[in-house]
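**Q** one predicted model, sequence on top.
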Amino acid sequence: MTGEPRKRICVIFGGRSAEHEVSLDSGRSVMEALDKGRYEVVPLLVSREGRWLLLPSPKAAGEEGREVILSPAPGRPALLLAEGGGEAARVDAFIPMIHGTFGEDGTLQGLLELADIPFVGSGCTASAVSMDKGITKAVLRAAGLPVLPTLTVTKGRWEADRRGVLSEVESRFTFPVFVKPASLGSSVGVHRVESGGRAEKAIADAMGYDVKVLVEEDAQGHEVECSILEGPAAGEILASPLAEIRPKTGWYDYRAKYTPGLTEILIPAPLDESVAERIRAHARTAFLALGCSGLARVDGFFRERTGETYINEVNTLPGFTPLSGYPKMIQAAGIPYAAMLDRLIACAFSRAEQSRARSFRRLG
């Protein structure tokens, strides 16, 4: 890109979900790693209240930002307009780094698609489907992938028949089980339930984060992850070396994920290569079955005593913090962090060009 003008890349981070703090770390890690010779970074913080704040620098606090709105300009760089009028910034592409609700669930992606703006990661449909763990598992099963037994409980059913739900949990599962909100990440609202007597409290708490909750069999095996990175060329999909997650105490909860020293991450995972390749193949299939783009982290399990492998969930916007597994696995595949971002941005522009090539001619 020597001699070419720098692309203006807007990193949008923060957000309204319970994963706000994780998103701050992810966004700032990305902004620090972007090649300043190729890109001009535009930091856009979404406050907990949902205000879009254009920051003067990546390390600035929200109080220093100017509130902006997105003004679509199909086929041209997007405009971020300052509150009260006046142009604040032109943007060539977005890197969404908002984890969880209103960022990873297709809402932001739908807005950017509607505005005809290139952006990193999966589109509206794949983001929405992958965010809902219950729907994800249905798609994965339909694609022939192995998933753990799961019960989906809606808020309406829980409020109408709490006793019936608890009875079904006890009849269908052998404890321990995991209870988790259907559409949240970073283990927020997730409980490992050791006995039936504790299920009610766990489900009630998880319902505080979502209108749908999953009860899932404990895999009781190796917890593994695989990073998927798409290339700008059609059909170019990299499945990374696996990571094995080993919390030093308990299970891989929010604290274990984001507190240095509490979890050991082994890359590559110390598994037989035939097992690792089977999981990588399943990860590629999951990525394609859900219609993902750009990147994803596919989580799974390996039960050594039976030789079984399972796909657990697909994260279309995994963490990019210094402790996150996604960039570490990509680096283990031989692609440095900055080069990974280059590839993702190239994919974003390639996908936008393909979308604009579609025909929207009026019929009749």
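**A** Sure, I can see it.
**Q** where is the longest helix in the chain?
**A** The longest helix of the chain (DSSP state H) is helix 337-356.
**Q** low-confidence ranges, the stretch 1-150 of the chain, go.
**A** 1-3, 86 (pLDDT under 70).
**Q** what distance do you get for D35 to I95?
**A** 13 Å (Cβ to Cβ, to the nearest Å). All C-beta spots, glycine's among them, are computed from the backbone N, C-alpha and C.
**Q** what's the neighbour count on the nearest residue to K155 once chain neighbours are set aside?
**A** Take K155 and drop its neighbours on the chain: the residue closest to it by Cβ to Cβ, 6 or more residues apart in numbering is V211, 4.3 Å away. Applying other Cβ atoms under 10 Å, we find 12 residues neighbouring V211.
**Q** what of D210?
**A** Using other Cβ under 10 Å, D210 has 20 neighbouring residues.
**Q** mind checking how far the closest residue to it other than its chain neighbours is from P77?
**A** Spatial nearest neighbour of D210, chain neighbours left out: P181 (3.7 Å); criterion: Cβ to Cβ, 6+ apart. Going from P181 to P77 by Cβ to Cβ gives 37 Å.
**Q** those two: which is more packed in?
**A** Counted by other Cβ under 10 Å, P181 and P77 do not tie: P181 has more neighbours, with 23 against 14.
**Q** so what's that one up against?
**A** Listed by Cβ atoms under 8 Å, 6 or more residues apart in numbering, the contact set of P181 reads 188-190, 206-207, 209-210, 212-214.
**Q** one more time with 7 Å, if that's ok
**A** 189, 206, 209-210, 213 (Cβ atoms under 7 Å, 6 or more residues apart in numbering).
**Q** which stretches in the chain count as helices?
**A** Ranges of helices in the chain, per DSSP H, are 20-33, 107-114, 124-131, 133-142, 155-160, 162-172, 199-207, 254-258, 273-289, 325-332, 337-356.
**Q** just so I know, which of the ones you listed lies nearest E83?
**A** E83 sits nearest to helix 107-114 of all the helices of the chain, at 18.1 Å, using Cβ to Cβ.
**Q** H222 pairs with what?
**A** F302 (DSSP bridges).
**Q** how near is it to P58?
**A** 37 Å.
**Q** average pLDDT for stretch 284-292?
**A** Mean per-residue pLDDT for stretch 284-292: 97.
**Q** that older thread, compare H222 and P58 (neighbour count), which wins?
**A** Neighbour totals were compared for H222 and P58, and H222 leads with 21 against 18 (other Cβ under 10 Å).
**Q** does the more buried one touch F302 like I think?
**A** Yes. Counting by Cβ atoms under 7 Å, H222 does reach F302; the two are 4.4 Å apart.
**Q** report the residue ranges of every domain in the protein.
**A** As given by automatic domain parsing, the domain ranges for the chain are 7-119, 129-147+219-354, 150-217.
**Q** where does pLDDT dip in the stretch 151-300 of the chain?
**A** For the stretch 151-300 of the chain, the stretches flagged by pLDDT under 70 are 186.
**Q** quick one: residues contacting G27.
**A** Applying Cβ under 7 Å, 6+ apart to G27 gives the contacts 11, 13, 97.
**Q** would you reformat those residues as CSV and include distance to N312 and neighbour count?
**A** Shown next, in CSV, are the contacts of G27 (distance: Cβ to Cβ, whole Å; neighbours: other Cβ atoms under 10 Å):
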residue, distance to N312, neighbour count
V11, 28, 26
F13, 26, 28
M97, 23, 30
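**Q** can you list those residues in TSV and add distance to P149?
**A** Output for these, formatted as TSV (distance: Cβ to Cβ, whole Å):
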residue	distance to P149
V11	39
F13	36
M97	33
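**Q** closest to G62 among the residues you listed?
**A** F13 (11.0 Å).
**Q** returning to that earlier point: mutual contacts of H222 and F302, please.
**A** Residues touching both H222 and F302 (Cβ under 7 Å, 6+ apart): L271.
**Q** distance check, the closest residue to G144 other than its chain neighbours against V314.
**A** Leaving aside its sequence neighbours, G144 sits nearest to T285 (Cβ to Cβ, 6+ apart; 7.8 Å). Noted for T285: a distance of 11 Å to V314, by Cβ to Cβ.
**Q** looking at those two, which is more packed in?
**A** V314 (28 against 17).
**Q** show me the contacts for that one.
**A** Each residue near V314 by Cβ under 7 Å, 6+ apart is listed here: 130, 136, 286, 290, 292, 296, 298.
**Q** most surrounded residue in those?
**A** Highest neighbour count within these: V298, with 31 neighbours (other Cβ under 10 Å).
**Q** does that one really touch A283, like I thought?
**A** Yes. The pair V298 / A283 is scored as a contact, 3.8 Å apart, by Cβ under 7 Å.
**Q** which neighbours do the two have in common?
**A** By Cβ under 7 Å, 6+ apart, the residues touching both V298 and A283 are 226, 228.
**Q** can you tell me the closest non-neighbouring residue to A18?
**A** V188 (4.6 Å).
**Q** neighbours around the one you found, how many?
**A** Using other Cβ under 10 Å, V188 is surrounded by 19 other residues.
**Q** check contacts around it.
**A** V188 makes contact with 18-19, 209, 254, according to Cβ under 7 Å, 6+ apart.
**Q** distance of it from K180?
**A** Computed with Cβ to Cβ, the distance linking V188 and K180 is 9 Å.
**Q** the residue lying closest to P322 once chain neighbours are set aside: what's it in contact with?
**A** Distance criterion Cβ to Cβ, 6+ apart; nearest residue to P322, sequence neighbours excluded, is S29 at 6.1 Å. For S29, the contact set (Cβ under 7 Å, 6+ apart) comprises 320-322.
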